[in-house]
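# Prediction below, plus the sequence it came from.
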Amino acid sequence: MTRQFTDMVRYQDRDWLLVGVRGESPFDADAFGLQLTPVSSALWRGQLVTYQITDDRLRVSTVLVSRQARWHGEPRIAGAEMFGVAVSPVAGLLFRGCVELELDRPTEMTGGLLIAHTPTPERQPNMGFPSVCYYETVLDLQLDSGRVSAVVDRSAHMAGLRRAIVAGEVPPPDGDASDESWIERTFTLDYSRGGL
């Protein structure tokens with residue numbers, strides 16, 4: 001396995017990486033009738049989602065999936081119309097063989113999203129999702145039924161955690177790479193990976 005592509009969140013006119021989720025995922029492919037297949041070793045979960053927050057409301061903007069994905073068991077993703085929207089093939093080499101669904105639908109998520117930008121220079125494992133602590137700017141968006149109810153800046157907490165890791169005072173957030181559960185931890189977006 002390799003480093004995984006991370007979902008994006010458009011918030012306050014900036015693109016942020018989605019690096020932590022508390023609660024259920026804001027996009028549930030099963031609820032939309034999608035049966036996903038891996039796109040590549042860097043997109044093993046089979047989807048890449050772009051969200052946006054407009055007027056404090058979290059919305060699913062686009063979802064990129066493999067052309068081999070199924071919709072309600074049918075292999076009709078490419079060229080199909082889903083949710084009243086035409087499915088578009090994705091151009092370019094990186095996601096060749098994928099289609100993009102432009103959903104623009106609100107979510108009803110209750111929980112939290114950690115969003116971040118500006119990776120730090122510290123070396124990160126090249127496996128799974130990067131830990132939230134390896135970003136300069138981190139915001140914790142608290143959601144209630146899809147609406148942002150609070151925003152907490154976690155940047156100082158993550159900077160302190162990074163300093164403690166570098167000084168050897170605390171172990172890396174995912175633990176020892178020789179531990180069998182290390183791979184499983186790196187493939188989650190759980191808040192605990194940021195010491196929260």
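Happy to help now that I have it.
# From now on I want contacts and neighbour counts done on CA atoms only, so please keep to that.
Will do.
# Which neighbouring elements make contact with whichever helix in the chain runs longest?
Counting by DSSP state H, the longest helix found in the chain is helix 155-166. Under the contact definition 3 or more Cα pairs under 8 Å, 6 or more residues apart in numbering; DSSP states H and E, helix 155-166 sits against strand 135-144.
# Tell me the buried residues in the strand it packs on?
Y135, E136, T137, V138, L139, D140, L141, Q142, L143 (16 or more other Cα atoms under 10 Å).
# quick check: angle from it to helix 155-166?
Orientation check (axes from the mean of the first three to the mean of the last three Cα atoms, to 10 degrees): strand 135-144 against helix 155-166 gives 130 degrees.
# I'd like the next helix or strand past strand 135-144.
Note on strand 135-144: by DSSP states H and E, the next helix or strand toward the C-terminus is strand 147-153.
# Rounded mean pLDDT for that following strand, please.
What strand 147-153 shows for mean pLDDT is 98.
# Over to stretch 23-31?
90.
# what distance separates that stretch from the middle of the whole chain?
Centre-to-centre, stretch 23-31 and its host chain are 11 Å apart (Cα atoms, centre = their mean, to the nearest Å).
# could I have it exported to PDB, CA atoms only?
The C-alpha coordinates for stretch 23-31 follow below in PDB (Å, rounded to 0.1, in the frame of the first residue of the first chain):
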ATOM      1  CA  GLY A  23     -18.600  10.100  13.800                       C
ATOM      2  CA  GLU A  24     -19.900   8.700  10.600                       C
ATOM      3  CA  SER A  25     -18.300   9.700   7.200                       C
ATOM      4  CA  PRO A  26     -20.100  12.600   5.700                       C
ATOM      5  CA  PHE A  27     -20.400  10.600   2.400                       C
ATOM      6  CA  ASP A  28     -21.800   7.100   2.600                       C
ATOM      7  CA  ALA A  29     -21.400   5.300  -0.800                       C
ATOM      8  CA  ASP A  30     -23.700   2.500   0.300                       C
ATOM      9  CA  ALA A  31     -26.500   5.000   1.100                       C
END
